[in-house]
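*Asks:* Fold the following, please.
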Amino acid sequence: PYYDFDLISFLMQESNMIKFNEEEIERISKDLGIVSNSIENKMLEISKTTNTEFICLTLGDNGVIFYDSKFHYQDAIKTKVLNTVGAGDSFLAMIIEGMISNISVKLFLKRAVNLSAYVCSKNGFGDFIGFLVAWGYWVCTWIGNGAIVISVIGASGFFFPTITNNPVFSVTYGISIIWI
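*Replies:* From the prediction side, this is the model:
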């Protein structure tokens with residue numbers, strides 16, 4: 001994918017928290033010239049280089065490391081993964097909520113790991129959300145088609161006044177637009 005290190009470097013320096021996964025921290029470390037083999041040293045060097053107060057590193061099955069002038073570790077929860085969509089977002093939301101609420105790092109890391117494991121254990125958005133999406137699409141299609149037909153009939157009426165003056169012509173013309 002497209003990657004602009006200058007932009008990412010600028011954004012990291014403007015942030016007070018950065019969240020990485022394993023692949024991201026390796027790439028950023030390489031780009032910053034950090035040669036350490038230790039994950040903790042990479043996090044520490046990134047924090048110093050970018051002047052970032054908090055660094056969070058997700059390690060998949062191996063849990064999480066969080067740095068805030070000291071290192072905090074949280075093991076992953078073993079779960080049957082059905083779908084990972086939304087797991088990272090919910091994890092990060094719980095981290096931010098914990099930081100805003102001033103609860104202990106240990107507690108918000110545990111909550112974040114629990115929530116992301118829960119999200120991974122669910123199959124997509126579920127049947128009800130799937131129904132709502134399909135129903136919403138169907139309703140929007142009806143409304144959209146109606147709006148388009150009304151607009152076309154109104155615009156055509158400017159050139160051919162009979163279309164808008166005669167309801168039979170308007171309906172016939174509208175139905176023909178939808179079916180063509």
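*Asks:* can you pull the pLDDT of the residue sitting furthest away from the middle of the chain?
*Replies:* With C-alpha atoms, centre = their mean as the measure, the chain has its most outlying C-alpha, relative to the mean C-alpha position, at Thr162: 51.4 Å. pLDDT recorded at Thr162 is 89.
*Asks:* Could you do Lys80 as well?
*Replies:* 86.
*Asks:* Could you check how far it is from Ala87?
*Replies:* 13 Å (C-beta to C-beta, to the nearest Å). Glycine gets a C-beta too; all of them are placed from N, C-alpha and C.
*Asks:* Name the residue in these two with the higher neighbour count.
*Replies:* The neighbour comparison of Lys80 against Ala87 (other C-beta atoms under 10 Å) goes to Ala87, with 19 against 7.
*Asks:* hang on, isn't the residue farthest from the centre of the chain packed against Ser170?
*Replies:* No. Under the criterion of C-beta atoms under 8 Å, Thr162 lies out of contact with Ser170, with a separation of 9.5 Å.
*Asks:* In contact with the residue farthest from the centre of the chain, which residues?
*Replies:* By C-beta atoms under 8 Å, 6 or more residues apart in numbering, the contact set of Thr162 is Phe169.
*Asks:* separation between it and Ile153?
*Replies:* 12 Å.
*Asks:* Which secondary structure elements does the lowest-mean-pLDDT helix or strand in the chain sit against?
*Replies:* In the chain, the helix or strand scored least confidently by mean pLDDT, DSSP states H and E is helix 127-159, which has a mean of 86. For helix 127-159, the packing partners by 3 or more C-beta pairs under 8 Å, 6 or more residues apart in numbering; DSSP states H and E come out as helix 161-165, helix 167-179.
*Asks:* Buried residues in the shortest one, which are they?
*Replies:* Read it as helix 161-165. Buried residues in helix 161-165, counted by 16 or more other C-beta atoms under 10 Å: Ile163, Thr164.
*Asks:* next one: that helix to chain centre, how far?
*Replies:* Relative to its chain's centre, helix 161-165 lies at 49 Å (C-alpha atoms, centre = their mean, to the nearest Å).
*Asks:* Which helix or strand contains Gln13?
*Replies:* helix 5-14 (DSSP states H and E).
*Asks:* meant to ask about Cys56
*Replies:* Assigned by DSSP H and E, Cys56 falls in strand 54-58.
*Asks:* Now do the buried residues in that strand.
*Replies:* Neighbour-count burial for strand 54-58 [16+ other C-beta under 10 Å]: Phe54, Ile55, Cys56, Leu57, Thr58.
*Asks:* With distance to Leu44 as extra columns, can I get those residues in TSV?
*Replies:* Converted to TSV, the buried residues of strand 54-58 look like this (distance: C-beta to C-beta, whole Å):
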residue	distance to Leu44
Phe54	12
Ile55	8
Cys56	14
Leu57	11
Thr58	17
